[in-house]
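Chemist: Mind looking at a prediction? Sequence and model below.
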Amino acid sequence: MTNPLAGLFTARQKEAARRDLYARGARLCGEYLAAHDTRLTQAIGTLTTALDTPAADPFDALLKVGERALEAGENALALGIAETSTEIRQRSKGAWRLRARALDGLGRDDEAMESYERHLTLLGDGEPADEVTRGIDTLRRRRACLAEASTLFPGNGTPVTAPEFPAYVRARVTEHGPADPAVRRLLRLYATHRRLAERSGMPDPLLGGTTPIGVGGLRALLTGRAVCLVSNAAEVAGSGLGAEIDGYDLVVRCDTFRINKGGTGERTDLHAVSLRGATPWDGPAWTQQAGVRLVFGDPAGAWRRAVRQRLTAGAQEHTGDASLRRPLSDPALLGEDRWGTKAGTAFTVLRLLDFLDVSPRLDLIGFDKPGRLRPEEAEWVMDRATHVDDSKMRIALR
């Protein structure tokens, strides 16, 4: 006589084995995706692998997929991930922040504000992240634009909403004409709303009085002045050359640097940085004091976003404008594509200073050892060097 329970047990064993095989297949797919080029596919791969790894917590991997989806402009995917995350952990601050940012990106302002408020409630007395503060401020400013637009033509009844705003503006222009004062105010409000929809507002758009400087302004600043470009090498910090470095008319430093008065000197008249990675706007803010800050980067969209998010109010007097963002490859400046996208910051700013050719003295300090510049960059420098002083780690180009 056949035992029906034995057959059921066998069937469940087979089903469990099949699920294990599916899980193994998913893990293999996850490992493949994790090795893929883009940050979003890497995050998806990490999540897929984590689901089949008992020791891993897939929740953090799930949030990371949402964050990477936002970076890639995939707001609908990010929202789906956020909704799943808030169902899994209803008190997760990160999940509600992700949900708010995704809704914000989709133009669902009221829901975004509710999610931001939920995030702040869960945060308690903690300090909100800059992106949350900017997001809430931007939403409030967009709401203010819609509220004022609704009052300009009282006879139109219902308040203006974000999805209806473009059609509302076209209708009022057709009805009253572009010369009407209320229409002109409406157009200004619409322009502000569109700008805030495309990028978040800044707490201090003037960055504490920072003024942009272009090629002409930089040339004027350099004219007739002795310039030195200082390496970030440890040998410079312990060199005792600080007073000599500060004796130059203009001191240039690059990327992340440390000040040691006796070795590196104290002044930073020009600070140059290069944007690296897929999301260069996510890096730390540039807070060290400088007279001029030049930010090198391409493409233009990533450069603008990084400048908006990483410049600090009051940390610089001037910042380079878009005409100085890619001096090596820009046909209006050097137009030298041969250096590629991996050119070092020090060489980029040096090549720019040499090209402008208005400084009677242009010295490099601390670049005399191999590895401080790429081989082809070091070769270019030594081909043009007029004097090398090993005792002071100085290479002179004038």
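Modeler: Received it, and whenever you're ready, just let me know what you need. Numbers count the residues shown, from 1 in each chain.
Chemist: quick one, strands of this structure?
Modeler: Taking DSSP state E as the criterion, the chain contains strands spanning 211-213, 226-230, 250-254, 270-274, 290-296, 316-320, 361-365, 387-389, 394-396.
Chemist: Sheet partners, orientation included, of the longest one?
Modeler: In the sheet containing strand 290-296, its partner strands are strand 270-274 (parallel), strand 316-320 (parallel), by DSSP bridges.
Chemist: Any chance of JSON lines for those, columns mean neighbour count?
Modeler: For every residue, glycine as well, the C-beta is placed using N, CA and C. Compiled in JSON lines, those are given as follows (neighbours: other CB atoms under 10 Å):
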{"stretch": "strand 270-274", "mean neighbour count": "23"}
{"stretch": "strand 316-320", "mean neighbour count": "21"}
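Chemist: Same list as before, the ones you listed that is, but in CSV and with distance to Arg99 and mean pLDDT included.
Modeler: As requested, those are exported to CSV (distance: least, CB to CB, whole Å; pLDDT from 0 to 100):
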stretch, distance to Arg99, mean pLDDT
strand 270-274, 33, 95
strand 316-320, 34, 93
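Chemist: To Arg351, which of these lies closest?
Modeler: Arg351 lies closest to strand 270-274 among those, at 11.1 Å (CB to CB).
Chemist: so the closest one versus strand 226-230, what angle?
Modeler: 40 degrees (axes from the mean of the first three to the mean of the last three CA atoms, to 10 degrees).
Chemist: which residues are in contact with strand 270-274?
Modeler: Around strand 270-274, the neighbours that count as contacts under CB atoms under 8 Å, 6 or more residues apart in numbering are 250-255, 257, 286, 288, 290-297, 316, 343-346, 348-349.
Chemist: how distant is that strand from the center of its chain?
Modeler: Relative to its parent chain, strand 270-274 has a centroid offset of 16 Å by CA atoms, centre = their mean, to the nearest Å.
Chemist: related to what we said a few turns ago, list only buried entries from the contacts of strand 270-274.
Modeler: The neighbour count (16 or more other CB atoms under 10 Å) marks 250-254, 286, 288, 290-297, 316, 343-346, 348-349 as buried among the contacts of strand 270-274.
Chemist: What does the pLDDT read for Arg394?
Modeler: The predicted local distance difference test score for Arg394 is 93.
Chemist: any weak-confidence spans in the stretch 151-300 of the chain?
Modeler: 198-209 (pLDDT under 70).
Chemist: what about the helices in it?
Modeler: Using DSSP state H, counting those that start in this stretch, the helices of the stretch 151-300 of the chain run over 165-176, 181-198, 215-222, 234-237, 242-246, 261-264, 300-310.
Chemist: Test my guess that Asp249 contacts Leu221.
Modeler: No. Taking CB atoms under 8 Å as the contact criterion, Asp249 and Leu221 are not neighbours in contact, 10.1 Å apart.
Chemist: When those two are compared, which one has more neighbours?
Modeler: Higher neighbour count among Asp249 and Leu221: Leu221, with 17 against 14, using other CB atoms under 10 Å.
Chemist: Quick check: the gap between the more buried one and Val358.
Modeler: Counting by CB to CB, to the nearest Å, the gap from Leu221 to Val358 is 9 Å.
Chemist: again, but for Arg101
Modeler: Taking CB to CB as the criterion, Arg101 is separated from Val358 by 46 Å.
Chemist: do Thr138 as well
Modeler: Relative to Val358, Thr138 is positioned 42 Å away (criterion: CB to CB).
Chemist: Those two - which one has more neighbours?
Modeler: When Thr138 and Val358 are compared on other CB under 10 Å, the one with more neighbours turns out to be Thr138, at 20 against 16.
Chemist: on that earlier part again, now for the helices of the stretch 151-300 of the chain, which one comes closest to Pro370?
Modeler: Relative to Pro370, the nearest member of the helices of the stretch 151-300 of the chain by CB to CB is helix 234-237, separated by 12.8 Å.
Chemist: Centroid-nearest residue for the chain?
Modeler: What sits nearest the mean C-alpha location of the chain, by CA atoms, centre = their mean, is Trp281, with 0.7 Å.
Chemist: What's the local residue count around Ala233?
Modeler: Applying other CB under 10 Å, we find 18 residues neighbouring Ala233.
Chemist: so it sits right up against Gly366, yeah?
Modeler: Yes. Ala233 sits in contact with Gly366 when judged by CB under 8 Å, with a separation of 4.6 Å.
Chemist: overlap in contacts of the two?
Modeler: Taking CB under 8 Å, 6+ apart as the contact definition, Ala233 and Gly366 share the neighbouring residues Arg372.
Chemist: thought Gly262 was touching Gly242?
Modeler: Yes. Checked against CB under 8 Å, the pair Gly262 and Gly242 is within contact range at 4.6 Å.
Chemist: Those two: which has the busier surroundings?
Modeler: A side-by-side neighbour count of Gly262 and Gly242, using other CB under 10 Å, places Gly242 first with 19 against 13.
Chemist: For that one, give me its contacts.
Modeler: When contacts are counted by CB under 8 Å, 6+ apart, Gly242 is found next to 260-266.
Chemist: How about Ala302?
Modeler: If you count contacts by CB under 8 Å, 6+ apart, Ala302 has them with 275, 279-281.
Chemist: got it, and Ala162?
Modeler: With contacts defined as CB under 8 Å, 6+ apart, Ala162 is in contact with 107, 109, 142, 146, 193, 197.
Chemist: Is there a quick PyMOL command that grabs whichever of these are buried?
Modeler: If you want just the buried ones from the contacts of Ala162 in PyMOL, going by 16+ other CB under 10 Å, the selection is:
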select buried, resi 109+142+146+193+197
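Chemist: Nothing else from me, thank you.
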